[in-house]
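Participant: Structure, please.
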Amino acid sequence: MVSGKTVRLFLVDGTAGGLITAEIMNWTGHLIASPRSSLAELLKRTEASRTGVYLLIGEDDAESGVQHAYIGEADDVGKRLQSHRQPEDKGGKDFWQRVVVITSKDHNLTKAHARFLESRLISVARQAGRTILENATNPPEVALPEADVSDMEYFIDQVKVILPVLGLNIFRTRPVSVNASDIPSEQTAGGRLSPVFELRIPGDLGIATAQEIDGEFTVLQGSAAVSRWGRQEKGYRALRERLERELVLVPADNGRAMFFTRDFVFSSTSAAAAVALGRSARGPEAWRVQGTGQTYGDWQNRDLPPANDLA
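Facilitator: As a prediction, the model looks like this:
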């Protein structure tokens, strides 16, 4: 049985675009997110003067899906953020438009804890591969007592739960690909793991496979794709070129196709289909359940009553 969590969000000024605090029931951690334009208000809060870690988030590129981030730590997070608002030629950082400060409600985070969290979160972000990190290096993990390491790993687990609620998937690691038949039915019923979908690549170049895992459409490692993007097509071309640069898509041995070197999460079924086919495509119709031919769109609506029953 899957257990739920209570995430409490508070809109400090009553708007979704201002300061937002976030916490999980029975967890000592505390998050506060702010747009750069509200940094002055954030710095006035007591949380900003605590020991903790912080994330600087740049704007998404809507076409390529690229996001930039910087992860840091400080004894006094507010003072460190003050330095980051300076121009780059004075040691600051210009790319960020949003900041998240992660501290503890019980003031038990020490400098050593913050340095450990910084190192581990950088590693998790690199593993997730969802953002371009502006950190030049990955600082080594600080040696902590065994009990403290366990506490900090639990702390990180809660951060990974709460950040997506704020729309930030920087630490959301790629799901492990498994077959839906291998897990209990109560876990598939909620849509957290789907059957395998497939997309045939024209010219007998192979098949792309995918699953919807934890609500995200994920093309699986080994999936095939056309060798080049259509000349007249725009659409998701920037995303396709990004995946080639990052070696997510590499040429197959036969030189006629490309293949995915690892699982990759797409923002939509249409984006996944377009990258694989080298042209625009309607994802809900292009992807079909392996073995049955049912479209993704029909599978997605499988438990809904017919439209005429809703009148």
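Participant: who's in contact with the helix or strand where residue 284 lies?
Facilitator: Here residue 284 sits within helix 283-286, counting by DSSP states H and E. Residues from elsewhere that reach helix 283-286 (Cβ atoms under 8 Å, 6 or more residues apart in numbering): 199, 217, 268-274, 277, 295-297, 300. Quick note: C-beta positions are derived from backbone N, CA and C, even for glycine.
Participant: Try it again at 6 Å.
Facilitator: 199, 268-270, 273, 295-297 (Cβ atoms under 6 Å, 6 or more residues apart in numbering).
Participant: Please work out the average pLDDT along the strand or helix carrying residue 73.
Facilitator: Using DSSP H and E, residue 73 sits within strand 68-74. Computed over strand 68-74, the mean pLDDT rounds to 95.
Participant: Just the CA atoms of the helix or strand just after that strand, as PDB, please.
Facilitator: Counting by DSSP H and E, the next helix or strand C-terminal to strand 68-74 is helix 77-84. In PDB, the C-alpha atoms belonging to helix 77-84 read as follows (Å, rounded to 0.1, in the frame of the first residue of the first chain):
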ATOM      1  CA  VAL A  77      22.200  31.900   3.600                       C
ATOM      2  CA  GLY A  78      21.000  35.500   3.400                       C
ATOM      3  CA  LYS A  79      24.500  36.900   3.300                       C
ATOM      4  CA  ARG A  80      25.500  34.500   0.600                       C
ATOM      5  CA  LEU A  81      22.400  35.300  -1.500                       C
ATOM      6  CA  GLN A  82      23.400  39.000  -1.200                       C
ATOM      7  CA  SER A  83      26.700  38.200  -2.900                       C
ATOM      8  CA  HIS A  84      25.000  36.300  -5.700                       C
END
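Participant: What residues of helix 77-84 count as buried?
Facilitator: 77-78, 80-81, 84 (16 or more other Cβ atoms under 10 Å).
Participant: okay if I get the residues you listed as TSV plus distance to residue 129?
Facilitator: Shown next, in TSV, are these (distance: Cβ to Cβ, whole Å):
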residue	distance to residue 129
77	26
78	31
80	26
81	26
84	24
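Participant: now, among the contacts of helix 283-286, which is nearest to residue 125?
Facilitator: The closest of those to residue 125 turns out to be residue 268 (Cβ to Cβ; 23.0 Å).
Participant: Where does pLDDT dip in the protein?
Facilitator: For the chain, residues meeting the criterion pLDDT under 70 lie at 1-2, 60-66, 89-91, 174-193, 231-234, 304-311.
Participant: Ramachandran coordinates for the spatially most central residue of it?
Facilitator: Among the residues of the chain, the one closest to the centroid is residue 169, at 2.7 Å (Cα atoms, centre = their mean). Geometry field for residue 169 lists phi and psi as phi -110, psi 20, criterion degrees, to the nearest 10.
Participant: Contacts only, for it.
Facilitator: Contacts of residue 169 (Cβ under 6 Å, 6+ apart): residue 130.
Participant: out of the contacts of helix 283-286, which are buried?
Facilitator: Looks like the contacts of helix 283-286 have 199, 269-270, 273, 295-296 buried, using 16+ other Cβ under 10 Å.
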